[in-house]
Structures are given as structure tokens and as C-alpha cells.
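Undergrad: structure here, sequence nowhere to be found:
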């Protein structure tokens, strides 16, 4: 059977055009992922029909999803997970889950959704990559407020991935069995960390890595890709979702790759280049190609759910940000609420899993993803506006640092 690469070329071109179009209009502060999904819808079967999610495109999209979660694991700063920051961020995530479950039960009672728990998990997520990008633009990454928002977003990212794996894995095993498997997988991760840490003490190995890292071997990049592939496979073998394996691969690399001597300062840049330059755009453009625009516009009630789901997302992730008032100003807390309510990538992943399991309808999946796209367009813009005002307010007074150490 002859395999066509036409759709692959169209998706690659779409992934190139999206950020270029945004770059040509610098005042348009729109994350590239939004335009990638929208253009994917445009070139897909729903509109122009130029590209389809055939086998080559699906393979690249799967690698892109794995790389997206891998990079997310790399972005989490685990040293921030202590003291008041951990207390406030952790409590906020618990409140988000509780609010999401209450709202999910209400929607289920009204006959709008099939699984209240899936809704609770989906709306408790935050797009960590988008949040970090916005904070960088605002110059807030290193501030106490920025650290607080990143910690809250990181916990939401990790927590929702773990919960989605436990309760909505494609395997039919019970929750208890999944917990056991998750524990065994965790032990395997710790054993791997211990082995790599011991290997790093070998001067011969380290000298070889330094010698090969910037040659055509690109040995560190190859090693990172092997780590990603192995943990995706292992997670699947343990009956867990592959996305958990991809995320943990990134987290493990973040933990073991502590180059105090800065012998490979370009390593993370190379991973970003491979991920965001090649694979990750395939996932988002393909998500647009797969997007069922007909389900969204097929009935007025489906379209009406978009603002409803957007309001639910703001309530579930935004209201717990009131806890930030203990450590931040009012404007900062409001900006934190908007940032934490920014999510689209997890909606795409969770909706696909939910549809495969028959737990979310095509109409609801389309409405949820549309709400996520609106959140990425509207909420970061509002947060940046508030942060500029907060920055001007802080200019007249010294900032009190957040204590990161345990009490």
C-alpha cells in the first residue's frame, strides 16, 4: 500500500505559517498554539479538506504530544515546592478539584455531561507552558508572585496528569491495581534516578558526554529522546497513560541534569528547538484537523456551552487564586486567577481520551476545546494588563520576598 505524505507536508507548512503570521503582527499578543489549532481546523476536513489525520500525521502528532509533556516536565521547578508556596498552591488545587466536582455533578444532573469526575479533572488543569511564557513577557518569573503562580500551575499540571492516568486510563484494571502499578512505576523512576546519578560520578562517562554533545553525535539530545521513548513505553506496559511517562521523563531529566559547571548551556535550547521547532506543532495542528467543527456549529445549544465552559474554567481555577491574597496584592491575585484559568493543551488530550472511552460527546469536546482557545486568547491579555498595573504599584515600595523554606 502506497503511503501519501501530502498531509504531512500541509501540516508542516501550517506549523510554519502560524508563528510567522503572529510575528508579522507583533502587537497581536496571541500564543502560537491558538493559531496552530485554528489553522489546523481551516486546512482540515471541516473546512478546506487539504489535510487529513492519516498515519504519517498521526505518528508525528503522537511524538509531538509526548514531547509537549516532556518539556512540561522540564519546566517544573521542584525546589519551589515547599513552605508557604506549596501550602497555598496545593490548597488551591484541592479547592479547584472540589469546585470542579460540584459543578460536574450539577452538569451531570442536568444531563449535559456523562462523567462529572472527568469534567472536574479537565477544568482543574492549567497550561503551564503558556503561563510561564506570559510571566516571562511581564518580567515576573523571578518575583515572589511569579514563583507562586508557577508553583500553583505546576501542581495543577502534575496533579491532573496523574488523576487522568489513574481514573481514565484505557486499561480496565481497578483503581487499586492502578495505584499499585503507579507505585511500582514510581519505584522504577527512583531506581533510574539513582543509576543515572551514580553514572554521573564517572569521569570517563562525563568526559565522553562533554566531548560528544556539540558534535554531529549530539549525544545529550539523543539521550533525552531515548529517555522519553523508554518512559512512554514503560508507562504503557504498566497500564498507565503514555502522557504520564512522557511527563515523568522530563521531570527526571530536570532532576538529574544539574550542570553546576555549565558545561552544556545549549542543551535545553536544543531540546526546545527539537520540540517546538519540529514535533509539538504537529500535535496542535493535527488537533485542529481532528477538531469536529460540525459538532460545534451543528446545534445552537452546543455553541451556547462555550461561554458556559469558559465561565466554569474561570471559576474552578480562578476562585482558588483568592488564596494568593496571603502572599500577593489584589491585582496580582486577580492576574493569577486569569493565568491559572488558561488551558487548552490538556483539554485536547483529555477530550481525546474521554471520547475514546465514550465519556464525553463530540459536541462537548468541541465546546470545551473552543472554551480553552478563548481562555488562551482572553485571559493572558487580561493578566498582562493587571500585572503592568501591579508593577507600577510595586515601584513605589520594596517587595517582600516569599519564604520558600519550610516553617
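TA: Okay, I see it. Computed from a predicted model, the values in this text were never measured in an experiment.

Undergrad: surely residue 312 and residue 106 touch.
TA: No: taking contacts as CB atoms under 8 Å, residue 312 lies outside contact range of residue 106: 9.8 Å. All C-beta spots, glycine's among them, are computed from the backbone N, C-alpha and C.

Undergrad: and those two? which has more neighbours close in?
TA: A direct count of neighbours by other CB atoms under 10 Å for residue 312 and residue 106 places residue 312 higher, at 23 against 14.

Undergrad: check contacts around residue 196.
TA: By CB atoms under 8 Å, 6 or more residues apart in numbering, the contact set of residue 196 is 252, 256.

Undergrad: how distant is the helix or strand of the chain with the lowest mean pLDDT from the center of its chain?
TA: Of all helical and strand segments in the chain, the minimum by mean pLDDT, DSSP states H and E falls on helix 128-138, at a mean of 76. Put simply, helix 128-138 sits 12 Å off its chain's centre (CA atoms, centre = their mean, to the nearest Å).

Undergrad: now do stretch 355-362
TA: 21 Å.

Undergrad: which other residues reach that stretch?
TA: With CB under 8 Å, 6+ apart as the test, stretch 355-362 has contacts from 113-115, 118, 168, 170, 292, 295, 351, 354, 365, 368.

Undergrad: pick out the lowest-pLDDT one from those residues.
TA: The member of the contacts of stretch 355-362 with the lowest pLDDT is residue 170, at 60.

Undergrad: and the least confident helix or strand of the chain, what does it pack against?
TA: With contacts taken as 3 or more CB pairs under 8 Å, 6 or more residues apart in numbering; DSSP states H and E, helix 128-138 sits against helix 55-75, helix 144-168, helix 330-340, helix 362-394.

Undergrad: helices or strands next to the host helix or strand of residue 295 in the packing?
TA: Taking DSSP states H and E as the criterion, residue 295 maps to helix 293-297. Here helix 293-297 touches helix 300-318, helix 362-394, going by 3+ CB pairs under 8 Å, 6+ apart.

Undergrad: how about that helix: buried residues?
TA: Going by neighbour count (16 or more other CB atoms under 10 Å), the buried part of helix 293-297 is 293, 295-296.

Undergrad: so which of the residues you listed is the closest to residue 238?
TA: residue 295 (33.7 Å; CB to CB).

Undergrad: wait, what's in contact with the closest one?
TA: 302, 361-363, 365-366 are the contacts of residue 295 under CB under 8 Å, 6+ apart.

Undergrad: and the helices and strands packed on helix 128-138: which comes nearest residue 129?
TA: When those are compared (using CB to CB), the closest one is helix 55-75, at 6.3 Å.

Undergrad: can you give me the helices in the stretch 101-250 of the chain?
TA: Using DSSP state H, counting those that start in this stretch, the helices of the stretch 101-250 of the chain run over 116-123, 128-138, 144-168, 175-199, 203-212, 219-237, 242-256.

Undergrad: of these, which is nearest residue 267?
TA: So among these, helix 219-237 is nearest, using CB to CB, at 5.2 Å.

Undergrad: for that closest one, give me every contacting residue.
TA: 66-67, 70, 185, 188-189, 208-209, 212-213, 241-242, 244-246, 248-250, 252-253, 264, 267, 270-271, 274.

Undergrad: recalculate using a threshold of 6 Å.
TA: Applying CB atoms under 6 Å, 6 or more residues apart in numbering, the contact partners of helix 219-237 are 66, 70, 209, 212-213, 242, 244-246, 248-249, 253, 267, 270-271.

Undergrad: now for these: which two are most distant?
TA: Of all pairs in the contacts of helix 219-237, the most separated under CB to CB is 212 and 244 at 30.4 Å.

Undergrad: tell me the pLDDT at residue 275?
TA: 89.

Undergrad: can you count the residues close to the nearest residue to it once chain neighbours are set aside?
TA: Nearest residue to residue 275, sequence neighbours excluded (CB to CB, 6 or more residues apart in numbering): residue 67, at 4.3 Å. Neighbours of residue 67 under the rule other CB under 10 Å: 26.

Undergrad: again, but for residue 206
TA: 14.

Undergrad: residues near the nearest residue to it once chain neighbours are set aside, how many?
TA: Residue nearest to residue 206 in three dimensions, not counting chain neighbours: residue 200, with 6.5 Å by CB to CB, 6+ apart. For residue 200, the tally of surrounding residues (other CB under 10 Å) stands at 15.

Undergrad: residue 200 and residue 383, how far apart?
TA: Separation of residue 200 from residue 383 (CB to CB, to the nearest Å) stands at 39 Å.

Undergrad: residue closest to the middle of the chain?
TA: Nearest to the geometric centre of the chain sits residue 127, at 4.6 Å (CA atoms, centre = their mean).
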